[in-house]
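Trainee: Fold the following for me, if possible:
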Amino acid sequence: MEFTLLQKDSKTKARAGELTTDHGNIQTPIFMPVGTVASVKGVHQRELKDEINPDIILGNTYHLFLRPGTGILEEAGGLHKFMNWDRPILTDSGGYQVYSLSDNRKIKEEGVKFKSHIDGSRHVFTPENVMEIQRTIGADIIMAFDECTPYPCDYQYAKRSMHMTHRWLDRCINHLETLPFKYGYSQSFFPIVQGSTYKDLRKQSAEYIASVGAEGNAIGGLSVGEPAEEMYEMAEIVCDILPEDKPRYLMGVGTPINILENIALGVDMFDCVMPTRNARNGMLFTAHGTINIKNKKWENDFSAIDEMGITFVDTEYSKAYLRHLFAANEYLGKQIATIHNLGFYLWLVRTARERILAGDFLEWKTKMVIQMDKRL
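Mentor: As a prediction, this is how the structure comes out:
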């Protein structure tokens with residue numbers, strides 16, 4: 001993988017760049033739709049590729065390990081072939097999912113013992129076997145195994161957890177060196193900065209992660225309940241330390257406003273379930289604010305879902321029709337809303353990139369943040 005930094009904004013820390021992988025190029029800033037179980041929920045791959053058109057999507061090691069399992073994925077020739085996706089994929093290591101199983105897991109130095117949310121079967125994730133699993137899944141970008149701390153988090157716990165994440169990182173790197181690529185293309189490895197919302201811990205972790213010299217770096221443990229201002233403060237501290245010539249990935253973030261504010265701080269890559277999850281609940285994101293399409297006010301509004309026409313669904317269907325689909329509990333309603341939201345997120349990061357390159361990102365961002373903070 002190669003990362004080319006094309007331009008830095010003169011008034012903020014925003015950057016426009018390009019990642020080159022064996023499955024294609026990724027223009028940054030970028031949002032990665034979440035395809036947790038080899039599927040971006042509610043969207044056919046054809047619509048994902050032709051209408052939403054992301055440069056890269058995300059899969060999850062924890063879920064793919066449990067189902068369909070690494071044996072099936074290896075027999076298929078890796079995740080790309082299994083799901084018929086020929087563009088880049090990133091896999092999360094499963095650390096966040098294990099964190100979310102707080103009642104069904106035990107964390108020790110060796111790794112994490114956990115019970116499957118599917119059938120209650122018991123498993124162990126270690127830094128070593130998570131690297132093996134990700135080799136078998138075959139994503140273009142794979143993540144280090146880390147512990148995601150909760151919010152709020154006791155300082156001493158956050159400190160112990162951060163140092164264990166660093167030790168796990170060393171084990172990941174050492175084991176990866178013994179594992180050949182499986183499918184004829186390379187994989188890039190990103191370590192993850194932790195440290196909760198403590199400035200000194202975030203600085204220590206960012207310095208340690210930067211010293212590893214990986215091809216890219218991630219920021220974890222944010223968007224777990226902390227106020228947005230604390231998220232921005234931690235992201236800025238970390239971005240100021242991580243190397244400028246490597247991509248920076250803020251994991252699990254966030255709202256459209258979160259994304260723009262973090263782009264301004266120097267983040268290049270994002271993922272979040274929000275656009276798809278909110279879509280299934282009838283919440284639409286637009287450049288002028290959010291819409292709860294279930295509200296009665298849209299019952300006889302025959303205007304386009306979004307007159308900007310970001311995807312085909314925005315102009316082909318009306319707000320009244322989409323509201324009717326939700327009222328009738330038709331699956332098509334959730335699908336249309338999902339295509340719209342993902343299309344909007346991709347439009348947002350691509351327009352941010354254009355504005356960075358044009359030199360007027362700050363003015364545009366300021367206007368967009370005010371507009372998007374409205375409920376329509």
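Trainee: Distance check, the residue nearest to the spatial centre of the chain against residue 37.
Mentor: Among the residues of the chain, the one closest to the centroid is residue 271, at 1.7 Å (C-alpha atoms, centre = their mean). As for residue 271, its distance to residue 37 is 15 Å (criterion: C-beta to C-beta, to the nearest Å). Every residue, glycine included, has its C-beta placed from N, CA and C.
Trainee: now residue 258
Mentor: Relative to residue 37, and taking C-beta to C-beta, residue 258 is found at 25 Å.
Trainee: more crowded one of those two?
Mentor: residue 258 (21 against 15; other C-beta atoms under 10 Å).
Trainee: helix or strand for the more buried one, which one?
Mentor: helix 256-263 (DSSP states H and E).
Trainee: again with residue 210
Mentor: Secondary structure assignment for residue 210, by DSSP H and E: helix 199-212.
Trainee: cool, and residue 345?
Mentor: Short version, using DSSP H and E: residue 345 is in helix 331-358.
Trainee: Buried residues in whichever helix or strand comes after that helix, which are they?
Mentor: Counting by DSSP H and E, the next helix or strand C-terminal to helix 331-358 is helix 361-372. Neighbour counts over helix 361-372 (16 or more other C-beta atoms under 10 Å) mark 361-362, 364-365, 368, 372 as buried.
Trainee: Quick check, residue 205 in contact with residue 195.
Mentor: Yes - using C-beta atoms under 8 Å, residue 205 is in contact with residue 195, at 4.4 Å.
Trainee: what sits in contact with each of these two?
Mentor: residue 162 (C-beta atoms under 8 Å, 6 or more residues apart in numbering).
Trainee: Have a look at the two and say which one is more surrounded.
Mentor: Shown here are residue 205 and residue 195; by other C-beta under 10 Å, residue 205 has more neighbours (31 against 28).
Trainee: Mind listing residues that contact the helix or strand bottoming out on mean pLDDT in the chain?
Mentor: Lowest on mean pLDDT, DSSP states H and E among the helices and strands of the chain sits helix 95-100, with a mean of 74. With C-beta under 8 Å, 6+ apart as the contact definition, helix 95-100 has outside contacts at 60, 62-63, 105, 107, 112, 114, 125, 143, 145-150, 192, 220, 251-252.
Trainee: right, and the helix or strand after that helix?
Mentor: By DSSP H and E, the next helix or strand past helix 95-100 is strand 105-107.
Trainee: So which bits of whichever helix or strand comes after that next one are buried?
Mentor: Where DSSP H and E defines the elements, the next helix or strand beyond strand 105-107 is strand 112-115. The neighbour-count check on strand 112-115 (16+ other C-beta under 10 Å) flags 112-114 as buried.
Trainee: So which of those residues is the closest to residue 161?
Mentor: residue 112 (12.0 Å; C-beta to C-beta).
Trainee: What's the separation between that closest one and residue 97?
Mentor: Distance, residue 112 to residue 97, using C-beta to C-beta: 10 Å.
Trainee: re the thing from before, helices or strands up against the helix holding residue 258?
Mentor: helix 228-239, helix 331-358, helix 361-372 (3 or more C-beta pairs under 8 Å, 6 or more residues apart in numbering; DSSP states H and E).
Trainee: what inclination does it have with respect to helix 228-239?
Mentor: Orientation note: helix 256-263 sits at an angle of 30 degrees relative to helix 228-239 (axes from the mean of the first three to the mean of the last three C-alpha atoms, to 10 degrees).
Trainee: For the helix or strand that helix 256-263 is followed by, name the packing helices and strands.
Mentor: Downstream of helix 256-263, the next assigned helix or strand under DSSP H and E is strand 269-271. The contact analysis (3+ C-beta pairs under 8 Å, 6+ apart) places strand 269-271 against strand 30-32, strand 248-250.
Trainee: Let me have those in JSON lines, extended by mean pLDDT and distance to residue 314.
Mentor: Shown next, in JSON lines, are those (pLDDT from 0 to 100; distance: least, C-beta to C-beta, whole Å):
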{"stretch": "strand 30-32", "mean pLDDT": "98", "distance to residue 314": "17"}
{"stretch": "strand 248-250", "mean pLDDT": "98", "distance to residue 314": "27"}
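Trainee: just checking, residue 286 touches residue 374?
Mentor: No - Residue 286 is not in contact with residue 374 according to C-beta under 8 Å; the separation is 9.4 Å.
Trainee: So residue 47: helix, strand or coil?
Mentor: Of the three states, residue 47 takes helix according to DSSP: H, G, I helix; E, B strand; the rest coil.
Trainee: pLDDT value on it, please?
Mentor: The score at residue 47 is 95. That number is its pLDDT.
Trainee: OK, contacts around the nearest residue to it once chain neighbours are set aside?
Mentor: Spatially, and ignoring its direct neighbours in sequence, residue 47 is nearest to residue 339 (6.0 Å; C-beta to C-beta, 6 or more residues apart in numbering). Contact partners of residue 339, counting by C-beta under 8 Å, 6+ apart, are 43, 47, 51-52, 311-313.
Trainee: at 7 Å instead, please
Mentor: 43, 47, 51-52, 311, 313 (C-beta atoms under 7 Å, 6 or more residues apart in numbering).
Trainee: That one and residue 44: what is the separation?
Mentor: Distance, residue 339 to residue 44, by C-beta to C-beta: 10 Å.
Trainee: hang on, the earlier thing: quick one, which of the contacts of helix 95-100 are buried?
Mentor: Buried members of the contacts of helix 95-100, scored by 16+ other C-beta under 10 Å, are 60, 62-63, 105, 107, 112, 114, 125, 143, 145-150, 192, 220, 251-252.
Trainee: before we move on, back to that, so which of the helices and strands packed on helix 256-263 gets nearest residue 89?
Mentor: Nearest to residue 89, of all the helices and strands packed on helix 256-263, is helix 331-358, at 15.8 Å by C-beta to C-beta.
Trainee: Fine by me, thanks again.
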